[in-house]
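*Asks:* I need the structure of the sequence given here:
(one chain, ligands or ions: 1)
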Amino acid sequence: MTRRIVMAEELGYCWGVRRALEIITEAGDPNNPVATIGDVIHNPQVVQRLKARGVDTAESVEEAAQRGFRRVAITAHGAGPERARLAAEHGLELIDTTCPLVTKVQRLGQKLVRQGYFLVVYGDSFHPEVRGVLAWAETSRAVAAKHIEDLPWNAPRGSTDPDAKVPPRKVAVVSQTTKNVDEFMEFVTQLTSMVARDGGEIRVCNTICEPTSERQNALRRLAGEVDLILAIGGKKSSNTARLAEVGRSYGVPSYHIESEAEIEPAWLDGVEVVGVTAGASTPDDVIEGVVDWLVGQGFAPPEDGIRYRDLDDVPAY
Ligand code: SF4
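*Replies:* Predicted coordinates for the structure are as follows:
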């Protein structure tokens with residue numbers, strides 16, 4: 001039987017990352033370089049390429065100002081309102097590449113807080129997107145949590161234990177856009193059992209973005225027909241790590257790799273069909289490098305080639 005490669009129907013750069021890269025590439029100018037605060041994308045090769053075009057990285061607005069940049073950029077993950085204020089204070093021009101789907105979560109969080117909800121942001125507390133959503137909420141009545149133990153409460157509403165810390169009456173939850181929907185639902189179920197007692201009210205907003213859900217769903221469809229899954233993406237890319245997790249949850253050996261250099265030939269022993277997916281910040285040529293390598297190992301190329309979505313294919317949000 002011919003050994004072959006099957007590509008996930010949705011993979012690689014999401015719409016928001018393609019959009020951010022377009023904006024920042026256009027703004028790049030070696031004579032007037034721009035500093036993105038944090039990596040514009042979790043991919044070392046792309047970061048290097050952008051550097052040659054006058055797009056560098058700084059840890060903070062203050063650092064960019066000290067290093068003599070006159071322009072700074074917010075990445076697709078977004079940032080809190082203080083970023084624009086600091087840029088203005090230092091006399092720096094601000095380029096905003098925040099993904100509109102992240103902006104939507106920031107605005108929703110603000111609205112929920114104004115409506116009197118305590119805001120829970122399901123996600124990684126250190127992630128720039130989560131920090132930005134919390135900053136826009138402009139309240140101490142908001143937290144990030146990935147597990148129920150991360151919450152400031154240890155007992156359900158109505159508990160009579162004198163040491164109990166119970167949730168407030170109104171709690172709302174939103175998600176980091178790149179999270180796994182099954183894990184979000186599990187978290188929500190546990191949170192609901194703490195809040196929805198004794199007159200408590202919980203509002204659940206699934207803000208996992210459509211491109212992220214589509215990539216996970218495409219991988220679920222693929223999992224049944226492959227013997228091995230390669231999820232391609234930078235090591236810092238949490239959505240690529242999620243894809244490998246989804247593959248494993250279907251019992252298929254799944255590896256998160258940055259490029260073909262990390263593939264161990266032993267993984268391919270006895271494998272007839274390899275499934276390939278890639279995270280939202282994985283460049284097209286890195287995906288193609290892995291596919292070419294597999295073809296070099298005797299696998300038939302994907303029947304329909306590799307299909308990428310571009311900005312025109314995505315409906316307006
Ligand atoms: S993963 Fe979703 S929210 Fe994040 S940049 Fe891409 S489209 Fe936007």
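*Asks:* what's the nearest residue to Gly247 if we skip its chain neighbours?
*Replies:* Ser254 (3.0 Å; CB to CB, 6 or more residues apart in numbering). Glycine gets a C-beta too; all of them are placed from N, C-alpha and C.
*Asks:* got a list of what that neighbour touches?
*Replies:* 228-231, 243-248 (CB atoms under 8 Å, 6 or more residues apart in numbering).
*Asks:* For it, which residues count as its bridge partners?
*Replies:* Ile229 (DSSP bridges).
*Asks:* what's the domain layout of this protein?
*Replies:* 4-13+210-313, 15-98, 101-204 (automatic domain parsing).
*Asks:* does the longest one come close to the ligand?
*Replies:* By that I understand domain 4-13+210-313. Yes. Domain 4-13+210-313 is in contact with the ligand by CB under 6 Å from any ligand atom, via 211-212, 280.
*Asks:* Roughly how far does Ala155 sit from Asp304?
*Replies:* 54 Å (CB to CB, to the nearest Å).
*Asks:* again, but for Glu63
*Replies:* 46 Å.
*Asks:* which one of the two has more residues nearby?
*Replies:* Glu63 (14 against 9; other CB atoms under 10 Å).
*Asks:* Helix, strand or coil: sort out Asp56 for me.
*Replies:* Assigned by DSSP: H, G, I helix; E, B strand; the rest coil, the conformation of Asp56 is strand.
*Asks:* So it is in contact with Thr36, correct?
*Replies:* Yes. Here Asp56 reaches Thr36: they are 7.5 Å apart, a contact under CB atoms under 8 Å.
*Asks:* Of those two, which one has the most company?
*Replies:* Taking other CB under 10 Å, Asp56 and Thr36 do not tie; Thr36 has more neighbours (25 against 16).
*Asks:* quick one: that one is in a strand?
*Replies:* Yes. When classified by three-state DSSP, Thr36 is found to be part of a strand.
*Asks:* tell me the contacts of it?
*Replies:* Contact analysis of Thr36 by CB under 8 Å, 6+ apart lists 24, 55-58, 72-75.
*Asks:* Save those as TSV, and put in pLDDT too.
*Replies:* Output for those, formatted as TSV (pLDDT from 0 to 100):
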residue	pLDDT
Ile24	95
Val55	96
Asp56	96
Thr57	95
Ala58	97
Val72	98
Ala73	98
Ile74	97
Thr75	95
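*Asks:* Who wins on neighbours among the residues of domain 4-13+210-313 next to the ligand?
*Replies:* Busiest of the residues of domain 4-13+210-313 next to the ligand [other CB under 10 Å] is Ala280, holding 29 neighbours.
*Asks:* Nearest residue to it in space, please, no chain neighbours.
*Replies:* Cys14 (3.8 Å).
*Asks:* burial of the residue in the stretch 101-250 of the chain positioned nearest to the ligand, as a residue count?
*Replies:* Closest approach between the stretch 101-250 of the chain and the ligand, counting by CB to the nearest ligand atom: Cys209, at 3.2 Å. Counted by other CB under 10 Å, the residues lying close to Cys209 total 25.
*Asks:* which secondary structure element contains the closest residue to it other than its chain neighbours?
*Replies:* Once flanking residues are discounted, Cys209 sits nearest to Thr177: 4.1 Å by CB to CB, 6+ apart. Using DSSP states H and E, Thr177 sits within no helix or strand.
*Asks:* State the distance from the residue nearest to Gly132 when sequence neighbours are not counted to the ligand.
*Replies:* Residue nearest to Gly132 in three dimensions, not counting chain neighbours: Gly78, with 4.2 Å by CB to CB, 6+ apart. Separation of Gly78 from the ligand (CB to the nearest ligand atom, to the nearest Å) stands at 9 Å.
*Asks:* Per-residue pLDDT of Gly78, please?
*Replies:* On the pLDDT scale, Gly78 is placed at 97.
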